[in-house]
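Engineer: I need the structure of the sequence given here:
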Amino acid sequence: MNQDASCHLLANSVYIDGFSAYSNQWKNSLCSWVLSHYHADHYKGLKRGTLGRNQLNGTIHCTEVTKLLLERVHFVDDEGNTKANNTKANNTKAKTKAETTPLQQTTKIQSHSYGEEFEVKDGKGGVLSCTFLPANHCPGAAILLFSTSSDPKTINIHCGDMRYSPSMLEAVLERREKGAKFGEIFLDTTYGFPKYSFPPQQSVIDSVALSVVSELSHPSRTLILLSCYSIGKEKLLAECAMQTAKKLYVNPKKALMLQCVKDGSLDDGSGVPPSAALNLITSTTSDPASSPIHVIPMNVAGEMFPYFIPDYRNCADYADKHGGGIRYDRVVAFIPTGWANATNWNRKNATNMKQVPRRMKKGDKGVMKTAEDENDLVEVTVNLVGYSEHSTYKELVAFVEGLKPVKVTPTVYSSEEKRKKITDDFNKYCDRGAAKEKFLSSFFGEGGSGGSKSSKKHQATAVSKPSMSSPPKPSFALPPVPSEGDVALITSMGFSASVAEAALAFSKNNAQRAVEYLLSSSSPPHQNPQKRQASDKNSPKPPPKREKTKTLDSFFLRPKK
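Structural biologist: As a prediction, this is how the structure comes out:
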């Protein structure tokens, strides 16, 4: 997730996944925080163990699974203190003062079930009405639906990380009350370009599980390595365990996290079917020698950037050191990721096999390692498979098209140029009428009616004058001088200052009328309308031309000068 502040601000003093982007607000007791799920790029900035002087002084809102992961894995309890059974602290001879002294400020962790409506204060007396819905990403992950007390009929959505499905769209649409609309969608654009495409999740899950069954039937002793994040991809793991009827070896940290998922799912109370991790916890073992299927971190079997590079040596070393003393002749690794189809290189090199020495001698400093026995080899195969828990480009389009929001804000991009490109692309699927209305209302007030503050003040003054009993006397006053604010407003739309002043004079300083005139007129007005009419009468009229009528669309597509 991008760390730009605009990706994390929901409302005044309410931040989602923004512990790093808004670290300067950690001590502000008026702030509220939302954590969409427990992945490092989303809890970035939330320190492990004690938070020390950077301790949050507000409340973190999240799902029950995420809360347990924070409490039991991140070592942050619901009182803001480091848990007494912090493993690192117990293994340290002398605990630091921060680890033993209660912190003055406290962090509250408030969990919410999927579908539960809850309120979050925005720090200025307003309230956000919020609802978590399943994100189909990792256990505990949620998309957030929220609306402000000042605009309760507009539903905004922050997707965190999500994998789209039609049922997700249906669930969101069901939350929309009559007369409500979807405003801004903070979209997970991890794969926000058309080139990113991969198969449906279930087809990849089935394919990998069948491949694992086939590889284990090989006459040579085979070790299967399944790459995954610390939390995530449990559906694939559970299917492999079921199809092979074997338990999967997981390290202690992974086992602890799966237990959090199990406990959090049981207490969720949302009626959502149990996740794959709930069943997976009974299909794991802590004994590496008891299973030929090991769950490993994502970076063990190979690197993904800048392109896929399999790590045969690392796989062979893992089998030798963590195989539970079993001598494996073959190692078959699977790396499930959406980046499998991201480049031609990755697609062409999705499966790689190489025989490498079982063990390497430790060389002297500056000397390459050599094989202990050049004839003692291990066959290593690394498979890159297109499984992802993020949405494909086409799935993102389906989500946006189905909701027709006012605007889309991407949350994953590598440069400002790409952010703009993604924004322009997805805004094609937005409600253009609502977008125009919102644009005008941001200048002119509710519904796009009325003028700017200066013109409203001018209008109010005119209305408040008492009516004259006698006929009005002719006025020889000079035309009203356009306000600098209204001129600046119109020039910000791409018009020159002289055109802005002329339009305001023509519309008697009504900023909205001036804008509407400029957007619908083929030429700017003259400063003196009477002079324009006179000159029009005396000048020869050219033959009529068929011109394309300018509309608000033409303005919105017009590049700013």
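
Engineer: Give me the secondary structure label for A340.
Structural biologist: helix (DSSP: H, G, I helix; E, B strand; the rest coil).

Engineer: Now do it against H390, distance only.
Structural biologist: Distance of A340 to H390, given as CB to CB, to the nearest Å: 12 Å. Yep, even glycine has a C-beta here, placed from its N, CA and C like the rest.

Engineer: if I look at C31, how far off is N2?
Structural biologist: 20 Å.

Engineer: And T411, by the same measure?
Structural biologist: 6 Å.

Engineer: Tell me which of the two has more neighbours.
Structural biologist: Shown here are T411 and N2; by other CB atoms under 10 Å, T411 has more neighbours (25 against 16).

Engineer: pLDDT score for the more buried one?
Structural biologist: Per-residue pLDDT puts T411 at 97.

Engineer: What is the neighbour count of the closest residue to it other than its chain neighbours?
Structural biologist: Leaving aside its chain neighbours, T411 sits nearest to C7 (4.4 Å; criterion: CB to CB, 6 or more residues apart in numbering). With neighbours defined by other CB under 10 Å, the count for C7 comes to 20.

Engineer: which residues touch C7?
Structural biologist: Neighbouring residues of C7 by CB atoms under 8 Å, 6 or more residues apart in numbering: M1, D17, A21, F186, T409, T411.

Engineer: In strands, which of those residues fall?
Structural biologist: The members of these that map onto strands under DSSP state E are F186, T409.

Engineer: Among the contacts of C7, which one lies nearest to G192?
Structural biologist: Using CB to CB, T411 is the member of the contacts of C7 that lies nearest G192, at 9.4 Å.

Engineer: pretty sure that closest one contacts I143?
Structural biologist: No. Between T411 and I143 there is no contact under CB atoms under 8 Å: 11.6 Å.

Engineer: Overlap in contacts, the two.
Structural biologist: Shared between the contact lists of T411 and I143 (criterion: CB under 8 Å, 6+ apart) are residues H158, C159.

Engineer: Please pull out the lowest mean pLDDT helix or strand from this protein.
Structural biologist: helix 97-100 (a mean of 34; mean pLDDT, DSSP states H and E).

Engineer: What is the subsequent helix or strand relative to that helix?
Structural biologist: Next helix or strand after helix 97-100 toward the C-terminus (DSSP states H and E): strand 108-111.

Engineer: quick one: strands adjacent to the following helix or strand past that next one?
Structural biologist: Later in the chain than strand 108-111, the nearest helix or strand by DSSP H and E is strand 117-121. Using DSSP bridges, the strands paired with strand 117-121 are strand 127-134 (antiparallel).

Engineer: circling back to that earlier point, ranking the contacts of C7 by neighbours, who comes first?
Structural biologist: That'd be D17 among the contacts of C7, by other CB under 10 Å, with 28 neighbours.

Engineer: Figure out the helix or strand that the residue nearest to that one when sequence neighbours are not counted lives in.
Structural biologist: In space, and not counting its chain neighbours, D17 is closest to H42: 4.2 Å by CB to CB, 6+ apart. H42 is part of helix 40-43, with elements assigned from DSSP H and E.

Engineer: Only the buried residues of that helix, if you could.
Structural biologist: Residues of helix 40-43 classed as buried: H42, Y43 (neighbour count, 16 or more other CB atoms under 10 Å).

Engineer: tell me what that helix is packed against?
Structural biologist: If contacts are counted by 3 or more CB pairs under 8 Å, 6 or more residues apart in numbering; DSSP states H and E, helix 40-43 sits against no helix or strand.

Engineer: Begin at 507 from now on, thanks
Structural biologist: That works, and once the first residue is 507, the last one we named lands at helix 546-549.

Engineer: C-alpha coordinates for that helix, CSV please?
Structural biologist: Taking Å, rounded to 0.1, in the frame of the first residue of the first chain, the C-alpha atoms of helix 546-549 are listed here in CSV:
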residue,chain,number,x,y,z
ALA,A,546,3.2,-5.4,7.3
ASP,A,547,2.5,-2.8,4.6
HIS,A,548,-0.7,-1.9,6.4
TYR,A,549,0.4,-1.9,10.0
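
Engineer: so where's this structure shaky on pLDDT?
Structural biologist: Judged by pLDDT under 70, the chain has its weakly predicted residues at 556-561, 581-612, 772-784, 869-874, 939-991, 993-1002, 1018-1019, 1021-1067.

Engineer: Domains of it: list them as residue ranges, please.
Structural biologist: 511-700+897-936, 707-891, 952-969+984-1062 (automatic domain parsing).

Engineer: Neighbours of T843, how many?
Structural biologist: Summarising burial for T843: neighbours were counted as other CB under 10 Å, giving 24.

Engineer: All the strands of the stretch 807-956 of the chain, in order from the start?
Structural biologist: Using DSSP state E, counting those that start in this stretch, the strands of the stretch 807-956 of the chain run over residues 808-809, 815-816, 836-842, 857-863, 866-867, 876-877, 883-891, 913-916.

Engineer: mind listing what the closest residue to F704 other than its chain neighbours touches?
Structural biologist: Using CB to CB, 6+ apart and skipping the chain neighbours, the partner closest in space to F704 is G892 (3.6 Å). The neighbourhood of G892, defined by CB under 8 Å, 6+ apart, consists of F704, P705, V710, P842, T843, G844, A846, N847.
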